[in-house]
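> sequence first, predicted model second:
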Amino acid sequence: MSDRHPRGFASDNNSGAHPDVLAAIAEANEGHVVAYGDDDFTAATRDRFRKHFGEQAEPFLVFNGSGANVTAIDALTRPQEGVICTEVAHMHVDECGAPERLAGTKLLTVPTDDGKLTPDDVRRWEEGRGDEHRVQPRVVSITQATELGTVYTPEETRAIADAAHELGMHLHIDGARLANAAASMDMPLRVLTTDLGVDVLSFGGTKNGLLLGDAVVFLRPELAETFLFTRKQLGQLASKMRFLAVQFDALLEGDLWSANASHANAMARRLADAVSKLDGARIAYPVEANGVFVTLPADAIERLRGALPASLPFYVWDEAGTIRLMCSWDTSEDDVDGLVAALAEAL
Ligand SMILES: Cc1ncc(COP(=O)(O)O)c(C=O)c1O
């Protein structure tokens with residue numbers, strides 16, 4: 001492990017890129033190809049997405065997860081329309097108001113204990129439907145795996161999709177960690193999305209071993225009709241698209257997407273199992289993907305902070321003293337065991 005940049009648990013974005021992804025970039029770095037996605041690398045990658053999400057899928061590559069969310073939401077809403085999401089949704093908490101500013105939409109947020117929306121949450125704004133004074137809910141956005149490390153079962157997603165569709169709304173998934181959710185349930189990507197009636201998803205690549213790159217995947221192609229313009233206007237069109245494309249190809253061609261995600265999940269499980277045996281530490285949410293949330297006494301948090309490398313050891317998530325620990329595709333068993341030892345010491 002690098003002494004200069006030791007691995008930590010603050011974020012699954014802190015990891016580097018998988019060697020296969022870097023090799024794919026190097027291999028594509030030859031000659032000239034048409035810019036902005038009109039190239040054979042991008043065409044092949046779009047086909048690759050269709051293998052995972054169905055022949056009708058319309059995938060578009062973008063730079064990052066916030067960009068995927070904001071362009072997807074912009075494509076799905078008109079100026080008077082809003083998006084229902086949880087109050088811990090990344091688009092609500094961690095995108096600096098980008099949906100409001102760039103998509104011009106209002107987020108209708110719902111409190112949640114476990115990071116998940118329910119069908120009842122989808123219905124709670126209906127009394128304002130048709131009232132010119134009220135924002136009109138048009139999109140339901142759920143995060144899979146959630147910001148709290150939990151996952152929606154297929155039945156839960158299906159129930160939300162049905163409730164949304166009954167009310168004339170679309171279902172969007174923020175799938176920055178969709179691969180972790182799929183790996184956690186050992187299910188193909190399609191079974192958790194297309195087959196459940198999901199309309200559009202943001203599909204994460206960056207957290208799962210890419211250098212950079214996420215995607216917006218329309219599972220109902222008619223919703224994608226003007227998306228090329230949306231992506232350009234919102235600054236998410238890469239001119240050297242081939243380099244985004246080949247990264248996704250490396251991820252989706254074989255099982256790298258699920259191997260990386262399964263590994264991160266397994267490290268989170270190892271961490272959670274060990275932490276749950278420590279007196280004074282409490283696992284705050286079910287550990288179902290690659291995140292572990294641990295509630296600790298305030299003095300133990302400070303001691304743990306002092307024991308870990310200074311560069312962002314972890315985020316403190318709430319006032320109850322819960323810290324967030326994220327595992328990555330490259331987290332090792334030794335990393336986990338080292339953290340558990342530091343935690344035991346701090347307690
Ligand atoms: C749930 C979720 N959605 C989206 C993103 C993507 O954000 P970024 O714009 O940083 O790639 C993140 C990253 O932390 C996330 O956790």
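Yep, it's here. Numbers count the residues shown, from 1 in each chain.
> relative to the ligand, how far out is Pro19?
21 Å (C-beta to the nearest ligand atom, to the nearest Å). To be clear about C-beta, it is placed using only N, CA and C from the backbone, and glycine gets the same treatment.
> and that residue, what pLDDT?
pLDDT, Pro19: 98.
> likewise for the one 4 residues further on?
With respect to pLDDT, Ala23 scores 98.
> pretty sure it is in a helix, no?
Yes: the assignment for Ala23 is a helix, going by DSSP: H, G, I helix; E, B strand; the rest coil.
> residue in this protein nearest to the ligand?
Gly65 (2.1 Å; C-beta to the nearest ligand atom).
> residue contacts, that residue?
90, 174, 176, 202, 204, 206-207, 214 (C-beta atoms under 8 Å, 6 or more residues apart in numbering).
> can you add distance to Arg7, secondary structure and neighbour count and give those back as a markdown table?
Formatted as a markdown table, these follow (distance: C-beta to C-beta, whole Å; DSSP: H, G, I helix; E, B strand; the rest coil; neighbours: other C-beta atoms under 10 Å):
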| residue | distance to Arg7 | secondary structure | neighbour count |
| --- | --- | --- | --- |
| His90 | 23 | helix | 19 |
| Asp174 | 25 | strand | 28 |
| Ala176 | 20 | coil | 28 |
| Ser202 | 26 | strand | 29 |
| Gly204 | 20 | strand | 26 |
| Thr206 | 17 | helix | 20 |
| Lys207 | 15 | helix | 25 |
| Asp214 | 22 | strand | 28 |
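> what about the ligand: which of these touch it?
90, 174, 176, 206 (C-beta under 6 Å from any ligand atom).
> can you lay out these as CSV showing pLDDT and distance to Val275?
CSV is the format used below for those (pLDDT from 0 to 100; distance: C-beta to C-beta, whole Å):
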residue, pLDDT, distance to Val275
His90, 98, 24
Asp174, 98, 27
Ala176, 98, 24
Thr206, 97, 26
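> can you list the residues of this protein near the ligand?
Near the ligand, when you scan the chain using C-beta under 6 Å from any ligand atom, you find 13, 64-66, 90, 143, 147, 174, 176, 206.
> contact partners for the residue nearest the centre of the chain?
The chain has Ala176 as the residue nearest its centroid, 1.5 Å off, counting by C-alpha atoms, centre = their mean. By C-beta under 8 Å, 6+ apart, the contact set of Ala176 is 65, 90, 143, 202, 204, 206-207, 214.
> now, the most widely separated pair of those?
Thr143 and Thr206 (15.1 Å; C-beta to C-beta).
> thought Ala245 was touching Asp39?
Yes: between Ala245 and Asp39 there is a contact at 7.5 Å, judged by C-beta atoms under 8 Å.
> comparing the two, which residue is more hemmed in?
Ala245 (27 against 18; other C-beta atoms under 10 Å).
> which of the helices or strands spans the more buried one?
helix 241-253 (DSSP states H and E).
> pLDDT of that helix, averaged?
98.
> figure out how far that helix is from the centre of its chain.
18 Å (C-alpha atoms, centre = their mean, to the nearest Å).
> cool, stretch 67-80 as well?
17 Å.
> one more: stretch 179-188?
On C-alpha atoms, centre = their mean, the centre of stretch 179-188 falls 13 Å from that of its chain.
> one more: stretch 184-191?
15 Å.
> which residues belonging to that stretch are considered buried?
Neighbour-count burial for stretch 184-191 flags 184-185, 187, 189-190 (criterion: 16 or more other C-beta atoms under 10 Å).
> contacts for stretch 300-311, please.
Under C-beta under 8 Å, 6+ apart, the answer for stretch 300-311 is 6, 8, 280-281, 296, 313-314, 316, 321, 323, 339, 342-343, 345-347.
> stretch 108-123 now?
Contacts for stretch 108-123 (C-beta under 8 Å, 6+ apart): 82-89, 92, 124-125, 135, 137, 140, 142-143, 146-150, 152, 156, 159-160, 162-164, 167, 169, 285-286.
> whichever of those end up buried, select them in PyMOL.
Here is the PyMOL selection string for the buried members of the contacts of stretch 108-123, based on 16+ other C-beta under 10 Å:
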select buried, resi 82+83+84+85+86+88+89+92+125+135+137+140+142+143+146+147+148+149+150+152+156+159+160+163+164+169+285
